[in-house]
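In: Let me see the structure of the following:
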Amino acid sequence: MKEGGGGTTLEYTPTWVVAVVCTVIIGISLAVERVLHWAGKFLEKKNQKPLYEALQKVKEELMLLGFISLLLTVFQGTISKICIPEKYVTSMLPCSLSEEEGSSNSSTAHYRIGMRRLLSGMAMSQEAYCANKHKVPFLSVEALHHLHIFIFVLAIVHVTFCVLTVVFGGLRIRQWKQWEDSVSVETYDAEQALRPKITHVHEHEFIQGHFIGVGENSTLMGWVNSFFKQFYASVTKADYLTLRLGFIMTHCKGNTKFNFHKYMIRALEDDFKAVVGISWYLWLFVVVFLLLNVSGWHTYFWIAFVPFILLLAVGTKLEHVICELAHEVAEKHVAIEGELVVRPSDHHFWFNRPEIVLVLIHFIQFQNSFEIAYFFWIWVQYGFGSCIMGQIRYIVPRLIIGVFIQVLCSYSTLPLYAIVTQMGSSFKKAIFDEHVQAGLLGWAQKAKRRKGLKAASSVTGSSPKEGSTAGILLASRSPKQSSKDEIQLTST
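Out: This is a model prediction of the structure:
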């Protein structure tokens, strides 16, 4: 009945036990699958294609987790039978051996021993297998089981935090709709429209908030003001209306009633599907952290400051972009005819690439999720008094920083990103409705085919039936080039 002196094998396990366990596992799996399916149908019904694609990204992550789980389960016997000399497992430990010996009589240690005995069926045989060679297992079955759970918890917490950030950030952005509505309901006065309007630049509310007395004579003061402004009134009504007009006059000239708020929401939903996933470089970060999590180094504490500092830097930069737009106008003009219009440009962003901000927000969200997931995993798996958890003076700051990052990112940074990154040189494809995007893409493909036929006919010496074609190429740059989707007009 025993395998290797451990637990009962499936051969001698009651069939009703096997059936009950399979029923529960299959039932939970099908319930989760149905919930995701219904959520997808609901988003399709509401015509929320970007959020639907984000849900598909979540399914991909769950599939990856399932594959990782399968690999860990299938190869756990093989991994644990890899034997290495004992001298290699006595260094770079999350807990020192002296702490392990000192805690051997504690209740937590007894709990760990009990859990170890649950897995001892395979573990004892593998330890004996390596002991016969005067070596130790490369990774025990119990450690592999704990690692399995941690990877699953990390992915779930990351997806949950991303959803919460976008939901609460979206609520903040939707508060700006009243500002958009205030423009659309303005009455048109023909007599006033014929009268020339003069705007005194330095008296404009947008300029006073970002130039006069702030960064007018000192670049440093401009950065300091940008740093503190992300914590309060990060986007005012004057900011929104001015940036809105600048975008419209640059990309939609002649359509002053363009619904900038709706476009901004669609663009944010498009970006969300990139943030919710776990990229390869994020998994690489997990591996590096697990490598450096050595007893006495307090890596988990110091690494908590990385997303904290990055978040403050991103918020400051986004606020400073608004400040630079104000400076460009205020330094060149005292009074202008018509409304005050800012000029969007990529050169205001790091390396002239606005999409870098999204990459940093993605990394910040993941690293903060990692910190919180790691804390709760250690708490549940090993107990609050575990040596891996560390001293209380290191735990409390980590939790405070994690909560602060989540709140600031939702309340300030994400809304700032949604509006400020529209101040680049090009616009996103979300400027078109979905059916227009599909039409343009179809037109582009037809134009490309016609161009190919024309090129082929010119090589063979035959004259083309059509003299010229005009195509609209909806080009989506790769992440190495640009995350924005541009419109290029070409004639042949």
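
In: For the stretch 351-492 of the chain, just list every one of the helices.
Out: In the stretch 351-492 of the chain, the helices defined using DSSP state H, counting those that start in this stretch lie at 355-382, 392-408, 414-420, 434-460.

In: what's next to the second one, contact-wise?
Out: The contact list for helix 392-408 (CB atoms under 8 Å, 6 or more residues apart in numbering) reads 161, 164-165, 230-231, 298, 300-301, 304-305, 307-308, 311, 315, 364, 368, 371-372, 375, 389. Using the backbone N, CA and C atoms, a C-beta is placed for each residue, glycine as well.

In: which residues of this structure score low on pLDDT?
Out: Filtered on pLDDT under 70, the chain yields the residue ranges 1-8, 48-50, 98-127, 185-197, 200, 212-217, 254, 428-449, 452-492.

In: Just want the angle from the top helix by length along it to helix 392-408.
Out: Assignment by DSSP state H gives helix 141-174 as the longest helix of the chain. In terms of direction (axes from the mean of the first three to the mean of the last three CA atoms, to 10 degrees), helix 141-174 departs from helix 392-408 by 40 degrees.

In: Buried residues, helix 141-174. List them.
Out: 141-142, 144-145, 148, 150-155, 157-159, 161-162, 165-166, 168-170, 172-173 (16 or more other CB atoms under 10 Å).

In: And for stretch 245-258?
Out: Of all the residues in stretch 245-258, those buried under the rule 16+ other CB under 10 Å are Leu245, Gly246, Phe247, Ile248, Met249, Thr250, His251, Phe258.

In: so what's the first one up against?
Out: Meaning Leu245. Applying CB under 8 Å, 6+ apart, we find Leu245 in contact with Thr256, Glu339, Leu340, Val341, Val342.

In: got the angle for the helix or strand hosting Val74 vs helix 141-174?
Out: Remark: Val74 resides in helix 49-80, with elements defined by DSSP states H and E. Relative orientation of helix 49-80 versus helix 141-174 (the same axes, to 10 degrees): 170 degrees.

In: May I see the buried residues of helix 49-80?
Out: Within helix 49-80, the residues that count as buried by 16+ other CB under 10 Å are 49-55, 57-58, 61-62, 65, 68, 76, 79-80.

In: and whatever helix or strand comes next after it, which strands flank it?
Out: Per DSSP H and E, helix 49-80 leads on to strand 83-84 as the next helix or strand towards the C-terminus. In the sheet, strand 83-84 lines up against strand 136-137 (antiparallel) (DSSP bridges).

In: Contacts for the strand it pairs with, please.
Out: Ser80, Lys81, Ile82, Cys83, Ile84, Pro85, Glu86, Val89, Gln126, Glu127, Cys130.

In: mind putting the residues you listed in TSV, distance to Gln381 included?
Out: TSV is the format used below for the contacts of strand 136-137 (distance: CB to CB, whole Å):
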residue	distance to Gln381
Ser80	19
Lys81	24
Ile82	23
Cys83	26
Ile84	24
Pro85	28
Glu86	25
Val89	20
Gln126	21
Glu127	21
Cys130	24
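
In: Between these, which sits nearest Val294?
Out: The closest of the contacts of strand 136-137 to Val294 turns out to be Val89 (CB to CB; 13.2 Å).

In: and that closest one, how many residues sit next to it?
Out: 14 (other CB atoms under 10 Å).

In: And for Ala304?
Out: When neighbours are counted by other CB under 10 Å, Ala304 registers 24.

In: Distance of it relative to Phe152?
Out: As judged by CB to CB, to the nearest Å, Ala304 and Phe152 stand 22 Å apart.

In: one step back: among the contacts of Leu245, which ones are buried?
Out: Among the contacts of Leu245, the ones that count as buried by 16+ other CB under 10 Å are Leu340, Val342.

In: The contacts of Leu245 into JSON lines, with extra columns for secondary structure and distance to Ser226?
Out: Formatted as JSON lines, the contacts of Leu245 follow (DSSP: H, G, I helix; E, B strand; the rest coil; distance: CB to CB, whole Å):
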{"residue": "Thr256", "secondary structure": "coil", "distance to Ser226": "29"}
{"residue": "Glu339", "secondary structure": "coil", "distance to Ser226": "24"}
{"residue": "Leu340", "secondary structure": "coil", "distance to Ser226": "20"}
{"residue": "Val341", "secondary structure": "coil", "distance to Ser226": "22"}
{"residue": "Val342", "secondary structure": "coil", "distance to Ser226": "16"}
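
In: returning to that earlier point: Trp379: which of the buried residues of stretch 245-258 is nearest?
Out: With CB to CB as the yardstick, the closest approach to Trp379 among these comes from Phe247, at 46.6 Å.

In: Who are the contact partners of the closest one?
Out: Phe260, Pro344, Gln422, Met423, Phe427.

In: Tell me if it really is in a strand.
Out: No - read with DSSP: H, G, I helix; E, B strand; the rest coil, Phe247 is helix and lies in no strand.

In: Would you quantify the distance from it to Trp179?
Out: 14 Å.

In: Now do the contacts for the residue nearest to Val314 when sequence neighbours are not counted.
Out: Excluding its sequence neighbours, the residue lying closest to Val314 (CB to CB, 6 or more residues apart in numbering) is Leu360, at 5.3 Å. The contact partners of Leu360, taken as CB under 8 Å, 6+ apart, are Leu310, Ala313, Val314.

In: out of those residues, which are buried?
Out: Among the contacts of Leu360, those scoring as buried are Leu310, Val314 (criterion: 16+ other CB under 10 Å).

In: which among the contacts of Leu360 gets closest to Ala238?
Out: Using CB to CB, the contacts of Leu360 come closest to Ala238 at Val314, 22.5 Å.

In: Leu414 is in contact with the closest one, correct?
Out: No - under the criterion of CB atoms under 8 Å, Val314 is not in contact with Leu414, lying 10.1 Å apart.
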